[in-house]
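Q: structure of the sequence below:
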Amino acid sequence: MKIRLPYGRGLLQGEIPDGRVLAVAENRLEAYTPECSEEELIRRALENPIGSAKLEELARGKARVVIIASDHTRPVPSKLIIPPMLEAIRRGNPDAKITLLIATGCHRGTTREELEEKFGPGIVEKEEIVVHDCTDEKNLVTLGTLPSGGTLRINRLAAEADLLVSEGFIEPHFFAGFSGGRKSVLPGIAARETVYWNHNAAFIKDPHSRAGVLADNPIHRDMLYAARKANLAFICNVVINGDHRVLGAFAGDCDAAHLAGAKFLEGLCRVELPQADIVITTNNGYPLDQNIYQAVKGMSAAETVCREGGVIIMAAACEDGHGGEAFARTFREGGSAGEILKEIEKVPASQTVADQWQSQIFARVLKKCRVVLISKADPALVRSLQMYPAADLAGALEQADRLLGRKGSVTVIPQGVSTIAACGEI
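A: Modelled structure (predicted):
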């Protein structure tokens, strides 16, 4: 069997003997063809909102309008979404003062060049754009307490807006169930301590905190509460394929429209797969596979269908190395994966630290399976993070067989980030 895997800006190709392959996850996102253009899908969504009045109606009489927009780390087609949202708001209120608030969460600030790439130079030149800073105390306000007990603090601009709306995209998320919707507020424009509380060890450990699961997911519960408390009145979210083409658009209430989009997405990317000795997967290529930190997302999809003691072969270019010093240090200095996991799970929510959630999930994966990483990262770095380096698929399979002591069965998940593997109902 010949397989082609997204890897960096290109493809990783190789062969596996047919008799060893149990299944290949067929992600229907890539085969799905919408009935109209991307622009028309978004227009129709805005014209037919779910659980909400139209955006122009909401904008009437609202002087200060804030649109929460995604940052440089998300492949949201903002050039297609933001212009019709701006037009709708100005139809309803031509005098509205509109601010685009960039939802960086705890990421670094988005640069002007990245803003121009995202929105186009016209919007960057004409519109007021503010980049959220999760540590800027003078521009953060407290809105109360989350259901879990944490303090909800968000960006002042959003909290004081007369109308708060957002754009975004929906994909499987490895602990929030799905991205999009309520996530534009928490973590998007929240204070660092609020984000850290939401990503605490007990929540990450909860079996409902998995890709494709919203019901009883404690992380989702706090996120949705935060969006409601912030008065997030309207969203426009899209579902995209591997080429970042819009396949579906969903606008309206931040919960109802998001749930409709999540169900649409689930119908395209949920796959029941048999457990295997070896699971081969990816982080969907560039820009998602730039570092090992991000590659944990794809590993978590493989974890679901990899047998205890099995091997995950992760194909991720990781040209930027580990992606997080605290994350890397945890695995260089923290003992075995089981020991690291045990220590992280003791950490109270109020003492959550940077990258702890990613380390927790990575440790959980490593405790269950061995990981062979096909990447461009320094092999010494890969080994220091308790994985086994490989240069290509053939070498990775040989390494996996050595670790197993035999030629194991293989399941392939070509699109690890956008595949929901053997998950329960939403």
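Q: tell me how the chain divides into domains.
A: Following automatic domain parsing, the chain resolves into domains at 2-25+273-421, 38-268.
Q: where does the closest residue to residue 7 other than its chain neighbours fall, phi/psi-wise?
A: In this structure, residue 7 finds its nearest non-sequential neighbour in residue 315, 5.2 Å apart by Cβ to Cβ, 6 or more residues apart in numbering. C-beta coordinates here come from the backbone N, C-alpha and C atoms, glycine included. Residue 315 adopts backbone torsions of phi -100, psi 110, taken as degrees, to the nearest 10.
Q: related to what we said a few turns ago, turn the domains of the chain into TSV, including mean pLDDT, distance to residue 32 and mean neighbour count.
A: Below are the domains of the chain laid out as TSV (pLDDT from 0 to 100; distance: least, Cβ to Cβ, whole Å; neighbours: other Cβ atoms under 10 Å):
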stretch	mean pLDDT	distance to residue 32	mean neighbour count
domain 2-25+273-421	95	12	20
domain 38-268	96	5	20
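Q: these: which one's closest to residue 31?
A: domain 38-268 (8.7 Å; Cβ to Cβ).
Q: all strands of the stretch 251-400 of the chain, in order?
A: 270-271, 276-282, 306-315, 370-374, 388-390 (DSSP state E, counting those that start in this stretch).
Q: how about the ones you listed in CSV, adding distance to residue 332?
A: Output for the strands of the stretch 251-400 of the chain, formatted as CSV (distance: least, Cβ to Cβ, whole Å):
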stretch, distance to residue 332
strand 270-271, 35
strand 276-282, 24
strand 306-315, 19
strand 370-374, 15
strand 388-390, 15
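Q: if we can go back for a sec, can you list the domains of the chain in a markdown table and add distance to residue 31?
A: Listed next are those as a markdown table, based on distance: least, Cβ to Cβ, whole Å:
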| stretch | distance to residue 31 |
| --- | --- |
| domain 2-25+273-421 | 12 |
| domain 38-268 | 9 |
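Q: let me see the ranges of the strands in the stretch 51-200 of the chain.
A: Taking DSSP E, counting those that start in this stretch to define them, one finds strands in the stretch 51-200 of the chain at 64-70, 97-103, 128-131, 140-145, 151-155, 163-169, 172-173, 177-178.
Q: quick check: which of these is nearest to residue 209?
A: Checking the strands of the stretch 51-200 of the chain against residue 209 by Cβ to Cβ gives strand 177-178 as the closest, at 7.9 Å.
Q: ok now the closest one, how far from the chain's centre?
A: Centroid separation for strand 177-178 versus its chain: 8 Å, with Cα atoms, centre = their mean, to the nearest Å.
Q: what pairs with that strand, parallel or antiparallel?
A: Using DSSP bridges, strand 177-178 pairs in its sheet with strand 172-173 (antiparallel).
Q: pretty sure residue 222 contacts residue 146?
A: Yes: with contact defined as Cβ atoms under 8 Å, residue 222 reaches residue 146; the gap is 4.6 Å.
Q: identify the contacts common to the two.
A: Jointly contacting residue 222 and residue 146 under the rule Cβ atoms under 8 Å, 6 or more residues apart in numbering are residue 198.
Q: the nearest residue to residue 394 once chain neighbours are set aside pairs with what?
A: In space, and not counting its chain neighbours, residue 394 is closest to residue 14: 6.0 Å by Cβ to Cβ, 6+ apart. Residue 14 has these beta-bridge partners by DSSP bridges: residue 3.
Q: I figured residue 381 hits residue 322, correct?
A: Yes: judged on Cβ under 8 Å, residue 381 makes contact with residue 322 at a distance of 6.2 Å.
Q: any shared contact partners between those two?
A: The contact lists of residue 381 and residue 322 share 292, 328, where a contact means Cβ under 8 Å, 6+ apart.
Q: pretty sure residue 34 belongs to a strand, no?
A: No: per DSSP: H, G, I helix; E, B strand; the rest coil, residue 34 lies outside any strand segment and is coil.
Q: what sits against the closest residue in space to it that isn't next to it in sequence?
A: With Cβ to Cβ, 6+ apart as the measure, residue 247 is the residue that lies nearest to residue 34, at 5.4 Å, once sequence neighbours are left out. Residues in contact with residue 247, defined by Cβ under 8 Å, 6+ apart, are 29, 32, 34, 41, 238-241, 268.
Q: residue 247 belongs to a helix?
A: No: the assignment for residue 247, made by three-state DSSP, is strand rather than a helix.
Q: how much space separates it from residue 174?
A: 21 Å (Cβ to Cβ, to the nearest Å).
Q: residue 339 too?
A: Distance, residue 339 to residue 174, by Cβ to Cβ: 22 Å.
Q: go on, residue 231?
A: Distance of residue 231 to residue 174, computed by Cβ to Cβ: 28 Å.
Q: before we move on, the earlier item: residue 353: which of the strands of the stretch 51-200 of the chain is closest?
A: Relative to residue 353, the nearest member of the strands of the stretch 51-200 of the chain by Cβ to Cβ is strand 151-155, separated by 16.8 Å.
Q: figure out how far the closest one is from the centre of its chain.
A: So, by Cα atoms, centre = their mean, the centroid of strand 151-155 is 21 Å from its chain's centroid.
Q: could you export it as CSV, CA atoms only?
A: Presented in CSV, the C-alpha positions along strand 151-155 are these (Å, rounded to 0.1, in the frame of the first residue of the first chain):
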residue,chain,number,x,y,z
THR,A,151,-11.8,34.0,38.1
LEU,A,152,-13.1,35.1,34.7
ARG,A,153,-11.0,38.1,33.5
ILE,A,154,-11.2,39.2,29.9
ASN,A,155,-10.1,42.1,27.6
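Q: and the angle for it with strand 64-70?
A: Computed by axes from the mean of the first three to the mean of the last three Cα atoms, to 10 degrees, the angle separating strand 151-155 from strand 64-70 equals 100 degrees.
Q: can we start the residue count at 458 from this point?
A: Will do, 458 is the new start, and the previous item becomes strand 608-612.
Q: and the contacts of strand 608-612?
A: Counting by Cβ under 8 Å, 6+ apart, 558, 589, 596-603, 642-643, 646-648, 650-651, 654, 682-683, 686-687 sit against strand 608-612.
Q: do that again at 6 Å, thanks
A: 589, 597, 599-601, 603, 646-648, 651, 683, 687 (Cβ atoms under 6 Å, 6 or more residues apart in numbering).
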